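Student: here's my sequence, what's the structure:
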Amino acid sequence: MAEYVDHYYQSTDGLRLYARDYACRTPGRAEPPVVLCMHGLTRNSADFAGLASQLSQACRVVSVDCRGRGKSDYDPVVANYNPAVYVQDMLTLLEDLQIDKVILCGTSMGGLMSIMMGATQPGRILGMVINDIGPEIDPRGLDRIKAYVGKTKPVHNWDDAVAQAREINGIAFPDFTDEEWKEFTRGIYNDVDGIPVLAYDPAISQPIDSDKDVAAPPDLWPLFDAVSGIPLLVVRGETSDILARSCVDTMRERKPDLQYVEIPGRGHAPTLNEALALEAIEQFLQGLP
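Tutor: Presented below is the predicted three-dimensional model:
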């Protein structure tokens, strides 16, 4: 039996979008806190399977497929592949599920979405977990991501898919076992008649290739300052090439109550299944009002 319920909803412009809805497993807890998990640029709701399984012991967890990813519709209007539109989709989802207050957990692009939601909807955001992203994006990592998104060669079997996943993501997960690579690969590819196909629309690369401000807006510090009243945990991979330590230092200067954990042996971005990450997230959630 699946741990979650499939939830489909309609965006304001008519796309059919998808999310996993994990019910809280604590008996008798009628109104558990809700954690909304938002993935990175090329990923989907499967990224949070391990975290959601853990957190749903005490929380309801909703993990999304942004438009153009996973089980959500691909958008024929390529310009809509940008964080402002994704944020509107998240607000539509919350309304559809009749969720008022929410805790945000965002990896990379999902972290930028979290900051945008916190800045524009501060009254409904109880706390935020931001995974390996900040108001300044290291150009080294951005160039690395732009070099492969939407440009990978098709694969013809699952062994080739695992090899491709390792080639692209090995820098972030140097200690993954063969089994972990297989599980990781199953999360980022769809099985189409036995052939692995990446679970995102290759067209998501077009806006970031044509306009650098779509991938990395020029100045996110005003948005970060706008969430100063919201409890915040920042997770960083030790060797991240997206979130520099210097950026974290500035974030902590501007928000002294910011909580921070660095995950050894991880680049961009930690899976959040690491023991240290799980412990930090659970402690952070327990400390929320």
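
Student: longest helix in this structure, please.
Tutor: If you go by DSSP state H, the chain has its longest helix at helix 83-96.

Student: can you give me the offset of that one from its chain's centre?
Tutor: 14 Å (C-alpha atoms, centre = their mean, to the nearest Å).

Student: cool, and stretch 163-177?
Tutor: 18 Å.

Student: okay, buried residues for that stretch please.
Tutor: Neighbour counts over stretch 163-177 (16 or more other C-beta atoms under 10 Å) mark Gln164, Ala165, Ile168, Asn169, Ala172, Phe173, Phe176 as buried. To be clear about C-beta, it is placed using only N, CA and C from the backbone, and glycine gets the same treatment.

Student: the longest helix of the chain - contacts with which helices or strands?
Tutor: Using 3 or more C-beta pairs under 8 Å, 6 or more residues apart in numbering; DSSP states H and E as the contact test, the elements touching helix 83-96 are strand 4-10, strand 16-22, strand 34-38, strand 60-65, helix 109-120.

Student: the second one versus strand 60-65: what angle between them?
Tutor: Taking axes from the mean of the first three to the mean of the last three C-alpha atoms, to 10 degrees, strand 16-22 and strand 60-65 form an angle of 150 degrees between their directions.

Student: who touches Lys153 in this structure?
Tutor: By C-beta atoms under 8 Å, 6 or more residues apart in numbering, the contact set of Lys153 is Gln164.

Student: cutoff 7 Å now
Tutor: If you count contacts by C-beta atoms under 7 Å, 6 or more residues apart in numbering, Lys153 has none.

Student: shouldn't it be within a strand?
Tutor: No. Counting by DSSP: H, G, I helix; E, B strand; the rest coil, Lys153 is not part of a strand but coil.

Student: list the contacts of Val61.
Tutor: Going by C-beta under 7 Å, 6+ apart, Val61 touches Tyr22, Val35, Cys37, Ala52, Leu55.
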